[in-house]
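> Prediction below, plus the sequence it came from.
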Amino acid sequence: MMSEILFAVSFLAIGYCFGCFSTGYFVGKMNGTDIRSQGSGNIGTTNALRTMGAKGGIITFAGDLLKAFIPTLAVRFLFCTYMGYEEALTYLMTLVIGLGVVIGHNFPFYLKFKGGKGIAVSAAVIVASSTSGKIGWIMIGIGLLVFILIVAATRYVSLGSLIVVWYFPVFTFLQYKESRYFPVLIIISLLFTALAYIKHAGNIRRLLNGTERKFGEKKEKKENE
């Protein structure tokens, strides 16, 4: 048990290092701009799309997915397979390194801990971690459909993100509620959800007072992020 704890702590740190690669920030620098001074000031995919166009948004999205996929898939298919871990423990270790990636993405030390909102990287962790479960692909399909329908109906990307991020605790409960690791799994799963809500605090306020900017809407005034 002690070795698993040490591995988990190490994976959290490794994940943080991967997450600190702020794709949107570097893509902006390559294009001669600081994305933090544009649009909402966020370094994530949505602001990259708004401020740098489709190409910048796609590169940012792809980079953020890769920095989550690489460590989580390596832990799941290389480390956990080599160690002979059972499914629940494999899921736990994958979640831990994925959580590290999200924390690094949201709070990169070299940008004064001001990063993205973690939705793209969280989506990558969902795919990398939950496809081993019996209901994994079904849940992923449902989550994607829910996100698309919400954004299509309201044009609020933030609202779709805030609802879909509940995927983690819902999937964990349905798939691993009988596992001995369930208490730890559900706590980690809820941390993903909590981090998303913390980083979307400004969006939540704007959603409540009706000033949240809709997807595709032209900017009329400076956003308060």
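Thanks, I have it. Everything quoted here is computed from the prediction, not taken from an experiment.

> use CA for all of it now, contacts and neighbours both
OK.

> which residue is nearest the middle of the chain?
Ser122 (2.2 Å; C-alpha atoms, centre = their mean).

> Show the pLDDT at that residue.
Ser122 is assigned 95 on the pLDDT scale.

> Would you work out how far apart the start and end of stretch 127-141 are?
Length of stretch 127-141, first residue to last, C-alpha to C-alpha, to the nearest Å: 10 Å.

> Over to stretch 154-171?
End-to-end span of stretch 154-171 (C-alpha to C-alpha): 25 Å.

> if we look at that stretch, which residues are touching it?
119, 122, 126, 130, 136, 139, 143-144, 146-148, 150-151, 186, 189-190, 192-193, 196-197, 200, 203, 207, 212-216 (C-alpha atoms under 8 Å, 6 or more residues apart in numbering).

> what sits against Leu12?
Leu12 touches 96-101, counting by C-alpha under 8 Å, 6+ apart.

> same thing but 7 Å
By C-alpha atoms under 7 Å, 6 or more residues apart in numbering, the residues touching Leu12 are 96-97, 99-100.

> re earlier: mark which of the contacts of stretch 154-171 are buried, thanks.
Buried members of the contacts of stretch 154-171, counted by 16 or more other C-alpha atoms under 10 Å: 119, 122, 126, 130, 136, 139, 143, 146-148, 150-151, 186, 189-190, 192-193, 196-197, 200, 203, 212-213.

> longest helix in this structure, by residue count?
Counting by DSSP state H, the longest helix found in the chain is helix 45-74.
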